[in-house]
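Trainee: Attaching a predicted model along with its sequence, questions to come.
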Amino acid sequence: MARVHVLPEVLAHKIAAGEIVERPASAVKELVENSLDADARRVVVEVQDGGRKRICVRDDGIGMSREDAQTAFQHHATSKIATFEDLTAIRTLGFRGEALPSIASVSRLRLRTVDREKAGDGSNPGTEIVYEGGVLRDVRDVAWHQGTEITVEELFFNVPARRKFLKSEPTELSHVTRQVMHYALAYPDVEFELTHQGRSLIQAVRAQTFAERVYQIFGDQFLQNLAEVDLTREGIRVHGLTSLPHEQRTNASHQFLFVNRRVIKDRVLNHAVRQAYQDLLPPTVYPVTLLFVEIEPGEVDVNVHPCKTEIRFRDSSRVHSAIYHGIEEALLRHRVSLRSLSRPLSATQLESPYPNPDAGGPDSAAALVGAPSGGHSGQGYPGFQLRSFNQPGLMYQPAGSDNRTVADLLYSTPAKGRDQVDPHGDNSIPETIHISGTPLVLGQFVESFIVVTERDSVLLIDQHVAHERILYDRALRSMGEPDGTATQRLLIPAIQRLEPRQAAVFEHVRDQLNENGFEVEWFGDNTIVVKGIPAMAGNCDAGLLLSGILDDFTANEELGGSRSGGIQRFREKLAINMACRAAIKINTPLTVDKMHWIVDTLLRSENPYTCPHGRPILLRLGIEEILRGFKRI
Ligand code: ADP
Ligand code: MG
């Protein structure tokens, strides 16, 4: 018997379907794309159980005749391209003629449609078609007055291996929500609705402008820190919105990239965004970007992957540079130079001859905190106000701190105790150089960094991230204790509007939140009311705290997970968010006592070097570097 044989058709189709329909969100994507290609002005998506149980997509588009509707379930049946030339310049979202048969082969599917041209003349009733696991079950007349509706039930009911790999309800729902959000953003002139189990997650009427659509999806706070991008370069237009550097997200969940209104994943494009922000944002934080690339269809190949989310550019460096410069130009209009933030101060930089203090070059103190270079001096880097060094009135030196080091010998200056420092003395530089085993707080730089000398180095401590680390450790510790999650009730409950994906996960994490010190419940579709927050969150903005936590969950790989591991991760997320919101901000003057408390507590922490997000807490300038800088060694 021959070993090589052709697979039965049904099996082959199931295999092909696996490439296109990976999860409920991919079915939603294909169906919504079909509606948009069919010129719909309104697209309604309803899902149950995160789409695992039921997905329904309804539109008011051109619909299909009985004949077309039946043909549409054939493999490679499409109305969108006819010749090879068409394939080289695709203007529709679909073109492969694979989605409907694929979805039909792995679910129970019902289509109802009517041809727009024939609708209403009484002669042509609508068509209903039912498929089950790729087998045609029924074709019949149905009273249907407009557009097309496709209902997909029990996705993968006949592919148990696939069904097993579906994630939890909130995870799948989060993916579905993201897909619908994407298309809602790309097509502001189309009305979108998404509901889950009857609860509305997206409700966006037809909008006149992109900004209006962004407002509908994300709310008004969202637009505040965004700059408008619009640049055309070498035939490529990049437009949309991008965030100013002080808008910092701890995950990439607010990065949306489109090419010819198609949602795509592309390393080159992501890299361009990353690079544009490289000197403005620490490596572990992400900007908010909603960017549309418009390019001649002939310049891109979308026929790379069955999902059509990967594309190939004829010249990707041009696209890269259009995005980079688009962002650069938008930020420059807001007076942010992409190269304004300095690298860590190092001995080599110290060595550069005659740094010009007015130029604000990379060597200047101003550059260290990201002051804008050149013409913008005095303006201040967004988020920072340059103020002078805030030296404590009284030098604080802890007791028992005269264990002297090698460096003492180099300087051979006698160490003095605190009593010998005259707080009211003249402004001359104190003769004492304090070098000791215990950190000595010298003061505060630009009301944002604490300057400390230690045994053999000078430390610059970012007061915000330092405090964040301290609060994070404390929050995690106390959440482990039996009565560690005391609630502080708010005098005035906070009403917070949620973004669609936040609303999608809120339902799932509500109980856990309430078990961990929150008092929070639904207030209406997409809004929640916060009546209490954990006592340890201090007096931070309750609404923002919650939306931050929910954002973290939407960006999360898998929600739910194993119960115990899940709880630990849940608590870590809570702790990170509470710490970040409650920590003292930069540009805040601190008393000596506070500075000392921060330094002391921080240095006792298990990890005083990085904050829970992975950002550095302190910069250290060692005695060796200093001596080398002064050409003493
Ligand atoms: P493709 O979108 O690649 O053409 P599909 O399998 O997704 O392939 O759809 C097959 C055909 O069915 C489409 O080309 C289109 O003519 C028709 N069709 C699918 N969905 C709709 C819809 N919602 N409204 C009108 N026609 C549709
Ligand atoms: Mg399609």
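Mentor: Good, I have the coordinates. Ligands and ions are numbered 1, 2, ... in the order given.
Trainee: Let me see the ranges of the helices in the stretch 201-350 of the chain.
Mentor: All helices of the stretch 201-350 of the chain, identified by DSSP state H, counting those that start in this stretch, fall at 210-218, 220-223, 267-277, 316-333, 347-351.
Trainee: Can you convert those into a markdown table and add a column each for distance to ligand 1?
Mentor: Every C-beta, even on glycine, is put in place using the N, C-alpha and C of the backbone. As requested, the helices of the stretch 201-350 of the chain are exported to a markdown table (distance: least, CB to the nearest ligand atom, whole Å):
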| stretch | distance to ligand 1 |
| --- | --- |
| helix 210-218 | 22 |
| helix 220-223 | 31 |
| helix 267-277 | 24 |
| helix 316-333 | 25 |
| helix 347-351 | 56 |
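Trainee: quick one: the residue in the chain that ligand 1 sits nearest to and Leu185, what's the gap?
Mentor: Residue nearest to ligand 1 within the chain: Gly94 (2.3 Å; CB to the nearest ligand atom). Distance, Gly94 to Leu185, using CB to CB, to the nearest Å: 19 Å.
Trainee: Also Leu7?
Mentor: Remark: distance between Leu7 and Leu185 (CB to CB) = 40 Å.
Trainee: Run a quick neighbour tally on the residue nearest to Leu513 when sequence neighbours are not counted.
Mentor: Leaving aside its chain neighbours, Leu513 sits nearest to Val520 (5.6 Å; criterion: CB to CB, 6 or more residues apart in numbering). Number of residues near Val520 (other CB atoms under 10 Å) recorded here: 21.
Trainee: hang on, Val520 packs against Val509?
Mentor: No. Using CB atoms under 8 Å, Val520 is not in contact with Val509, being 9.7 Å away.
Trainee: Tell me the bridge partners for Phe192.
Mentor: In this entry, Phe192 is beta-bridged to Val43, Ala204, by DSSP bridges.
Trainee: does it really touch Leu201, like I thought?
Mentor: No. Counting by CB under 8 Å, Phe192 stays clear of Leu201, with 10.3 Å between them.
Trainee: Now list whatever residues contact both of these two.
Mentor: Residues touching both Phe192 and Leu201 (CB atoms under 8 Å, 6 or more residues apart in numbering) are Val180.
Trainee: Burial check on Glu154, number of neighbours?
Mentor: By other CB under 10 Å, 16 other residues sit near Glu154.
Trainee: Please give me every residue in contact with it.
Mentor: Residues near Glu154 by CB under 8 Å, 6+ apart: Lys53, Arg54, Ser107, Arg108.
Trainee: which residues does the last one contact?
Mentor: Spelled out, it's Arg108. Val130, Tyr131, Glu132, Gly133, Val152, Glu153, Glu154, Phe157.
Trainee: Give me the contacts around the longest helix seen in the chain.
Mentor: In the chain, assigned by DSSP state H, the helix with the most residues is helix 563-582. For helix 563-582, the surrounding residues in contact (CB under 8 Å, 6+ apart) are 250, 467-472, 475-476, 479-480, 509, 512, 516, 534, 536-541, 544-545, 548-549, 552-553, 556, 560-561, 612-613.
Trainee: what comes up buried for the helix or strand following that helix?
Mentor: Per DSSP states H and E, the first helix or strand lying C-terminal to helix 563-582 is helix 592-604. The neighbour-count check on helix 592-604 (16 or more other CB atoms under 10 Å) flags Val592, Lys594, Met595, His596, Ile598, Val599, Thr601, Leu602, Leu603 as buried.
Trainee: Let me know the closest of these to Val319.
Mentor: Using CB to CB, the shortest approach to Val319 within the buried residues of helix 592-604 belongs to Leu602, at 44.0 Å.
Trainee: Report the separation between the closest one and Arg474.
Mentor: Taking CB to CB, one finds Leu602 at 12 Å from Arg474.
Trainee: And for Val520?
Mentor: 22 Å.
Trainee: circling back: I'd like the helices of the stretch 201-350 of the chain laid out as a markdown table, including distance to Pro439, mean neighbour count and mean pLDDT.
Mentor: Below are the helices of the stretch 201-350 of the chain laid out as a markdown table (distance: least, CB to CB, whole Å; neighbours: other CB atoms under 10 Å; pLDDT from 0 to 100):
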| stretch | distance to Pro439 | mean neighbour count | mean pLDDT |
| --- | --- | --- | --- |
| helix 210-218 | 43 | 19 | 94 |
| helix 220-223 | 39 | 13 | 83 |
| helix 267-277 | 33 | 18 | 92 |
| helix 316-333 | 37 | 20 | 93 |
| helix 347-351 | 22 | 14 | 32 |
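Trainee: Which positions within the longest strand anywhere in the chain qualify as buried?
Mentor: Criterion DSSP state E: the longest strand present in the chain is strand 487-497. Residues of strand 487-497 classed as buried: Thr487, Gln488, Leu490, Pro493, Ala494, Gln496, Arg497 (neighbour count, 16+ other CB under 10 Å).
Trainee: Apart from its neighbours in sequence, what residue is nearest Leu590?
Mentor: Gln444 (5.6 Å).
Trainee: go on, Thr601?
Mentor: Nearest to Thr601 is Ile470, by CB to CB, 6+ apart, at 5.0 Å.
Trainee: who touches the one you found in this structure?
Mentor: Counting by CB under 8 Å, 6+ apart, Ile470 touches Ala579, Ile598, Thr601, Leu602, Ser605.
Trainee: For the last one, give me its contacts.
Mentor: With contacts taken as CB under 8 Å, 6+ apart, Ser605 has the following neighbours: Arg469, Ile470, Asp473.
Trainee: any idea how far the second one lies from ligand 2?
Mentor: In other words, Ile470. 53 Å (CB to the ion, to the nearest Å).
Trainee: On the three-state scheme, that residue is what?
Mentor: Following DSSP: H, G, I helix; E, B strand; the rest coil, Ile470 is assigned to helix.
Trainee: mind showing which ranges of the stretch 351-500 of the chain have poor pLDDT?
Mentor: Filtered on pLDDT under 70, the stretch 351-500 of the chain yields the residue ranges 351-437, 484.
Trainee: who in it is up against ligand 2?
Mentor: Contact residues, the stretch 351-500 of the chain versus ligand 2 (CB under 5 Å from the ion): none.
Trainee: burial of the closest residue to ligand 2 within the stretch 351-500 of the chain, as a residue count?
Mentor: Minimum separation of the stretch 351-500 of the chain from ligand 2 (CB to the ion) falls at Pro500, amounting to 23.3 Å. Neighbourhood size, Pro500 [other CB under 10 Å]: 26.
Trainee: which residues sit in contact with it?
Mentor: Shown in contact with Pro500 (CB under 8 Å, 6+ apart): Thr177, Val180, Met181, Leu194, Leu201, Ile202, Ile217, Asn526.
Trainee: buried stuff in the strand or helix carrying Gln512?
Mentor: Using DSSP H and E, the element containing Gln512 is helix 500-515. Neighbour-count burial for helix 500-515, with 16+ other CB under 10 Å as criterion, is recorded at Pro500, Arg501, Gln502, Ala503, Ala504, Val505, Phe506, Glu507, His508, Val509, Leu513.
Trainee: what's the answer for stretch 30-49, then?
Mentor: Neighbour-count burial for stretch 30-49, counted by 16+ other CB under 10 Å, picks out 30-38, 40, 42-48.
Trainee: Need the pLDDT of the residue of the chain closest to ligand 1.
Mentor: Gly94 carries a pLDDT value of 88.
Trainee: Repeat that for Met64.
Mentor: 96.
Trainee: wait, isn't Lys80 in contact with Phe95?
Mentor: Yes. Using CB under 8 Å, Lys80 is in contact with Phe95, at 4.8 Å.
Trainee: okay, and the common contacts of those two?
Mentor: Asp86.
Trainee: neighbour count winner among those two?
Mentor: Using other CB under 10 Å, the more surrounded residue of Lys80 and Phe95 is Phe95, with 18 against 15.
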